[in-house]
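Enquirer: Sharing a model that was predicted from the sequence below.
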Amino acid sequence: MRNSQVQIPTSREQCLALDAADPLAPFRTQYTLPANGVYLDGNSLGVLPVRTPEIVRRTVEEEWGQDLITSWNKHGWTELPFVLGDRIAPLIGAGPAEVVVCDSVSVNLFKVLTAALRLRSGRRTVLGERDSFPTDLYIAEGVTGLFEGARSVLLPSLDSADDLDAHLDEGVAAVVLSQVDYRTGRLLDMGAITAKVHAAGALMIWDLCHSAGALPIELTTHQVDFAVGCTYKYLNAGPCAPSFLYAAPRHHAAVEQPLTGWFGHAAPFAFESGYRPAEGIGQFLTSFPPLLALAGLRATLEIWEDVDLAQLRAKSLALTGLFIEQCADLEVVTPRQEKLRGSQVAIRHQDGFPVVQALIERGVIGDFRAPDLMRFGFTPLYVSYTEVWDAAQALREVLASGEWQAERFATRGAVT
Ligand SMILES: Cc1ncc(COP(=O)(O)O)c(C=O)c1O
Ligand SMILES: Nc1c(O)cccc1C(=O)C[C@H](N)C(=O)O
């Protein structure tokens, strides 16, 4: 079912025409792409922006190499978690001084979930989805283990906000959900869910790993309490680049996050013996910012200053719509309805692993998520319509020819 004006091409010629008219096409030259292939895994690890090596080199050779410790002041190293947070803010519908860049998603989720349980001290249940990315579930398990009587309750995948009704009793302190499901690509209704959670007196925490840089997000509009997300997928900051953390300003005064390291102190360089949290979003910092990793984020966020998120969403829906239509005879598990879809497509196939390996050998890079999902990510800034057309045809050919059955495609590495 389609419910928008997004144009889905039905021939390769139409794809070529759409590429020629694509307002986002010029961004493609800003990325280092496989010479003979199609990269459909930007939902896992985004590609390298062309400008990144030079910015990383300058950080290493000039800032660290030459200016040494004076770089903290001279190059604004201390401020970088805030400066980069402010640059991410418009991409997630947040304001200045509401986002900070630090640590990993898991660590930041630990901070905000613990803070949420403290803010709702009479309540002890954390709700999540059973099929969420496991680290979110493990952190919820770990955090609830620290509070007497607390428990993490895992629900079946939500189809809509209404599925929460039966579970939102007055014991619920917080709900943790991924806006876009890492496996199926299903997009949840942030506004409806956050409103329901608030009506029940609980706090809402969103994991934006698969939505930040993939679609417009409105944290302020929907009065979200906390959010975390990664920067190495659609934002292209580089492998394992640091995460971001959002906390609504209305919580800044009362919140208490548990990882009270010196960088979240009101005066880190006063070296006091007792902890006094910084005011505002700075209290969510814990340690020294990872300067070299932040150089990759600095580089990529320059590109995002020029991106129109409405154009990004329209192209994303067209690319995923195109792939879904070309694979309509396969078991597509990603919702066909646009308002329920992120920027990836998952197809169920019992031999998904070797099929994806055979596709990779043909130059089409997707990935596989156990037990049986082939996953393809569509990053509108560097994937073209024609590439998506060709990738879908390659998938059809791999399946029709049976070439995936070759012995060499059966072996799995540690990372798939
Ligand atoms: C939904 C989701 N949350 C969290 C993570 C990662 O967390 P971390 O930064 O702790 O490795 C990922 C991907 O790795 C993810 O897909
Ligand atoms: N970025 C990754 C990588 O470089 C290797 C393996 C996995 C990843 C991931 O990001 C996992 C991811 N969160 C997922 O959606 O499956």
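Expert: Ah, there it is. Ligands and ions are numbered 1, 2, ... in the order given.

Enquirer: And for Leu322, the neighbour number?
Expert: When neighbours are counted by other Cβ atoms under 10 Å, Leu322 registers 25. Bear in mind the C-beta positions are built from the backbone N, C-alpha and C, glycine included.

Enquirer: correct me, but it touches Ile8?
Expert: Yes. Leu322 is within contact range of Ile8, at 5.5 Å (criterion: Cβ atoms under 8 Å).

Enquirer: what touches both of those two?
Expert: By Cβ atoms under 8 Å, 6 or more residues apart in numbering, Leu322 and Ile8 have no common neighbours.

Enquirer: What segments of the protein are helices?
Expert: With DSSP state H as the criterion, the chain has helices at 12-21, 52-57, 71-74, 80-88, 105-119, 134-145, 190-199, 291-304, 309-326, 352-361, 385-401.

Enquirer: what sits opposite the closest residue to ligand 2 within the stretch 251-400 of the chain in the beta ladder?
Expert: The nearest approach of the stretch 251-400 of the chain to ligand 2 comes at Arg369, 6.2 Å away (Cβ to the nearest ligand atom). Note on Arg369: beta-bridge partners by DSSP bridges are Leu373.

Enquirer: Quick check: closest non-adjacent residue to Pro96.
Expert: Take Pro96 and drop its neighbours on the chain: the residue closest to it by Cβ to Cβ, 6 or more residues apart in numbering is Asp86, 5.1 Å away.

Enquirer: Quick check: the gap between the one you found and Leu301.
Expert: Counting by Cβ to Cβ, to the nearest Å, the gap from Asp86 to Leu301 is 10 Å.

Enquirer: can I get the helices of the chain in a markdown table with mean pLDDT?
Expert: Formatted as a markdown table, these follow (pLDDT from 0 to 100):
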| stretch | mean pLDDT |
| --- | --- |
| helix 12-21 | 98 |
| helix 52-57 | 98 |
| helix 71-74 | 96 |
| helix 80-88 | 98 |
| helix 105-119 | 98 |
| helix 134-145 | 98 |
| helix 190-199 | 98 |
| helix 291-304 | 98 |
| helix 309-326 | 98 |
| helix 352-361 | 97 |
| helix 385-401 | 98 |
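
Enquirer: closest to Asp162 out of the ones you listed?
Expert: helix 190-199 (8.2 Å; Cβ to Cβ).

Enquirer: Spell out which residues of the chain are next to ligand 1.
Expert: 104-106, 133, 135-136, 178, 182, 207, 209-210, 230, 243 (Cβ under 6 Å from any ligand atom).

Enquirer: Ala192 and Leu127, how far apart?
Expert: Distance of Ala192 to Leu127, given as Cβ to Cβ: 15 Å.

Enquirer: again with Leu292
Expert: Noted for Leu292: a distance of 38 Å to Leu127, by Cβ to Cβ.

Enquirer: Have a look at the two and say which one is more surrounded.
Expert: Neighbour tally, Leu292 and Leu127, criterion other Cβ under 10 Å: the higher count belongs to Leu127, 25 against 13.

Enquirer: Touching, the more buried one and Pro156? I think so.
Expert: No. With contact defined as Cβ under 8 Å, Leu127 does not count as touching Pro156 (11.7 Å).

Enquirer: Report the set of residues contacting both of those two.
Expert: Counting by Cβ under 8 Å, 6+ apart, no residue touches both Leu127 and Pro156.

Enquirer: what separates stretch 33-46 from the chain centre, distance-wise?
Expert: In terms of Cα atoms, centre = their mean, to the nearest Å, the centre of stretch 33-46 is set 16 Å apart from its chain centre.

Enquirer: Can I get that stretch in CSV? Just the C-alpha atoms.
Expert: Output of stretch 33-46 as CSV, limited to C-alpha atoms (Å, rounded to 0.1, in the frame of the first residue of the first chain):
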residue,chain,number,x,y,z
LEU,A,33,32.1,4.5,-2.8
PRO,A,34,33.0,1.0,-4.0
ALA,A,35,34.5,1.3,-7.5
ASN,A,36,32.4,-1.5,-9.0
GLY,A,37,29.6,-2.1,-6.6
VAL,A,38,26.5,-1.0,-4.7
TYR,A,39,26.8,-0.3,-1.0
LEU,A,40,23.5,-1.2,0.7
ASP,A,41,24.9,-1.5,4.3
GLY,A,42,25.0,2.1,5.3
ASN,A,43,22.5,1.2,8.0
SER,A,44,25.3,-0.8,9.7
LEU,A,45,28.5,1.0,8.8
GLY,A,46,28.2,4.2,6.8
